[in-house]
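Undergrad: got a predicted structure here, sequence first:
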Amino acid sequence: MNQLWSIILLSLVLFFSCSRRVDLNRVVIWHQMRVDERLILEEQMKKYMQLHPDVKLEAIYKETEELRSGFIIAAIAGQGPDFVYGPSDQVGPFQVMNIIKPLDNIFSKSYLDSLNPKALTYYKGQLYQIADKLGNHLTLVYNKKLLQHPPQTDQEMIEIGKKLTLDKNGDGKTDQYGLVWNYTEPFFFIPFMTGFGGWVMDDDGKPTLDNNGVIDGLNFIKDLRDKYKIIPKEADYNVADALFKDEKAAMIINGDWSWAGYEKAGIDIGISPLPKITKTGLWCAPMVSPKGFSLNKNVPEEKIELVVNVLKYLLNSENQLQTAILLNTMPTMKNLYEDPLIKNNEILINSQRQIENGRPMPIVPELRAIWDAMRPSYQAVLGGDKTPEQAAKDMQGLALRKIAEMNE
Amino acid sequence: MSIRAESVEHRVMSAEQRFTNNKKQMNRYYKNIFIFIFVAPAFLVLLGVVFYPFIYNVVISFSNMNLRHIQDWELVGPRQYIKVFTEPTEPNFYVIFLKTVIWTGVNVFFHVVIGVFLALLLNQKIKGKGIYRTLLILPWAIPQYIVALTWRGMFNYEYGSINIIITKYLNLPAVEWLKSPTEAFMACILTNVWLGFPFMMVVALGALQSIPHELYEAANIDGASWYHKLKNITLPLIRPVMIPAITLGIVWTFNNLNIVWLVSNAGEPSDNTHILVSFVYKAAFNLYRYGYAAALSIVIFFILLIFSLSFMKRTKATEAAY
């Protein structure tokens, strides 16, 4: 019997010794960067490893949702990567779950001062994320071959859209659309909602969806599709993206992450802020959020120096400039704003104009429930199953209920 | 021989017998230990990856674990189970359950019918059988993720190949596949039917090839028709193989998150294409409601357990055919 017990014991020891030990010279980053971004990050990490041969850096890609759920599970179990990279709205839930570390005391004030204040995401009075890119915002992207002067107002957009929506071969089917975007996702609805004076929540995080901004915004999109017929009957992200890349659409509403891809596809793109709504005199304002690094709660004290060093390296001016030029994203180091390569970059100038028109994305966890509450009614309006008025009311009701469920 | 000598002999024999008996016992004991040693690693892995998570799941289904109580959760009794059955979600539990039953029933029905039909064809002597077989197994060889997203593209209203076929070649009006709840649900089912029949086909083909030819020869001599051979020989003899496969198919389809999630883009339109598992996924990972999601998954587990047991019992799947 002793033999038996020793075997069981041995197996158990083997089984549990499989868990990972903290490696003080290895820094792991989980991120949700697209391929172009990812390759640059990996290249910069390689350079760091050449400078510091004893340190090993590792970047692991996960799709946004998987990144969040994976990080939550890992961090609660006392594991996970050292850094988690993503848009600032993940800071809210992570902070509430107590799985990321405040960064105020880890980085010196003078260092933090060298960054654009918009790159620093504070929640409940403490710093939780430092960004390397600003924006993550939607803009109007247009194909310069098909359109020289982008619209400044909604009326102009409709006019231009009508001119550029073409049935080239006369078979009764549209071969080129004036405008496309992913109009199944409420994130892309925000600019229209704000253009008509609405916003997702008040300062206390309570949803404010039952308003004219939502109703008028929904009516506007319906008109673009059914009255003016300048957008396709149905378009999700992939369809819109493919139409623009195939030059079957003159304009697309898409985020800064997509621009490099369009250039790579050989399209001569121009960037312009989303138009002003004539009725309200307001610019269509997309949500703007920094994208950056947060530190896992489980990173031990003795490793802090190394992770700070790594992050400072990845955020240094040289690396940020390289990323900004290759991807046309807005850097966060203040001194770069005076760099001629940034200052004279047409895309970045217009991107900056859009950022100024945008509104910061709330980082409270409630936003998640609001997206979830908006989606069904938004899609029902576009599917013709609900009136915009009913949709606004339902969105609000559902958002309140989901927030209550989330916070119970 | 005296009685005494007899009893001595008896004692010697019984000592010998005892010795062999003991030896047998020891052998059995060692054999058992060896079996145990060989099974132990697998058992330990099962303990780690199946039993422990399962029990943990049961525990958190009775807890209030969610966004606000993820580290400091406590047991709150059957509250989450009550919510599963009474919460006015849109759509609610019963509607989603009904949809899941339809989803599973329709899918498995077509998987089996198409699968068995094709297996019967492939079991004939036809030219180029290998090529057909490879082509028919293809859906199975492509990663589900790719299949789902490709089909989603094919269901697009204007540019999808399905609508192009419908309008151009069949002269019918285009279908708004992804925008209306019923059509979107049908789109998911179509995708999964395409994806699922090869499994049933392969299983059925294996079963068909194991049926002795003599049975058909005897039937031919008796002058049995094609239909009678199918009904009285083929179907009864592939049954013992097909029933477990169907049970497995039902459990898999019932729990098939990928296709519904990816084809309908997470329940679109308006959360109308959810089946129970995609609904659980959404509850757990979109809104961080871990306790609720755990309770719902335990409910799903019991639905499947009860179903599988009764199905196996009714169809006598575990009984031999020959």
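TA: Looks like it arrived, so ask away. Just so it is clear, the model here is predicted, and its values are computed rather than measured.
Undergrad: enumerate the residues of chain B near chain A.
TA: The interface of chain B toward chain A, taken as C-beta under 8 Å from any C-beta of the partner chain, is made up of B:33, B:36-37, B:40-41, B:44, B:48, B:64, B:66-68, B:70-71, B:90, B:149, B:152-153, B:156-159, B:176, B:178-180, B:265, B:268-272, B:282, B:284-289, B:292. Yep, even glycine has a C-beta here, placed from its N, CA and C like the rest.
Undergrad: give the helix, strand or coil label for the residue in the stretch 251-400 of chain A positioned nearest to chain B.
TA: Using C-beta to the nearest C-beta, the closest approach of the stretch 251-400 of chain A to chain B is made by A:Pro376 at 3.6 Å. Here A:Pro376 takes the helix state, with states given by DSSP: H, G, I helix; E, B strand; the rest coil.
Undergrad: again with the one 10 residues further on
TA: On the three-state scheme (three-state DSSP), A:Lys386 is labelled coil.
Undergrad: got a list of what the residue nearest the centre of chain A touches?
TA: What sits nearest the mean C-alpha location of chain A, by C-alpha atoms, centre = their mean, is A:Asn136, with 4.4 Å. Residues near A:Asn136 by C-beta atoms under 8 Å, 6 or more residues apart in numbering or on different chains: A:Pro87, A:Gly255, A:Asp256, A:Trp257, A:Met287, A:Val288, A:Ser289, A:Pro290, A:Lys291, A:Met361.
Undergrad: repeat that for B:Lys229.
TA: Neighbours of B:Lys229 in contact, by C-beta under 8 Å, 6+ apart: B:Tyr216, B:Ala219.
Undergrad: B:Val241 versus that one, what's the distance?
TA: Using C-beta to C-beta, to the nearest Å, one obtains 18 Å as the distance from B:Lys229 to B:Val241.
Undergrad: ok, the nearest residue to A:Asp216 once chain neighbours are set aside - how many residues close by?
TA: Nearest non-adjacent residue to A:Asp216, counting by C-beta to C-beta, 6 or more residues apart in numbering or on different chains: A:Phe196, 3.8 Å away. Neighbours of A:Phe196 under the rule other C-beta atoms under 10 Å in any protein chain shown: 23.
Undergrad: over to A:Phe196: give its phi and psi.
TA: phi -100, psi 10 (degrees, to the nearest 10).
Undergrad: isn't it up against A:Ile190?
TA: No - using C-beta atoms under 8 Å, A:Phe196 makes no contact with A:Ile190, being 11.1 Å away.
Undergrad: the residue in the stretch 101-250 of chain A that chain B sits nearest to and B:Ile146, how far apart?
TA: Proximity of the stretch 101-250 of chain A to chain B (C-beta to the nearest C-beta) peaks at A:Glu234, 4.0 Å away. Separation of A:Glu234 from B:Ile146 (C-beta to C-beta): 22 Å.
Undergrad: go on, B:Tyr281?
TA: 20 Å.
Undergrad: same check on B:Val263?
TA: With distances taken as C-beta to C-beta, B:Val263 is found 12 Å from B:Ile146.
Undergrad: so the two - more neighbours on which side?
TA: More crowded of B:Val263 and B:Ile146, by other C-beta under 10 Å: B:Val263, with 27 against 10.
Undergrad: that one contacts B:Phe155, correct?
TA: Yes - the pair B:Val263 / B:Phe155 is scored as a contact, 7.4 Å apart, by C-beta under 8 Å.
Undergrad: now do the shared contacts for these two.
TA: Residues touching both B:Val263 and B:Phe155 (C-beta under 8 Å, 6+ apart): B:Ala187.
Undergrad: for chain B, what are the nearby residues on the stretch 151-300 of chain A?
TA: Within the stretch 151-300 of chain A, the residues that sit near chain B (C-beta under 8 Å from any C-beta) are A:Lys173, A:Thr174, A:Thr184, A:Pro232, A:Lys233, A:Glu234, A:Asp236, A:Asn238, A:Val239, A:Ala242, A:Leu243.
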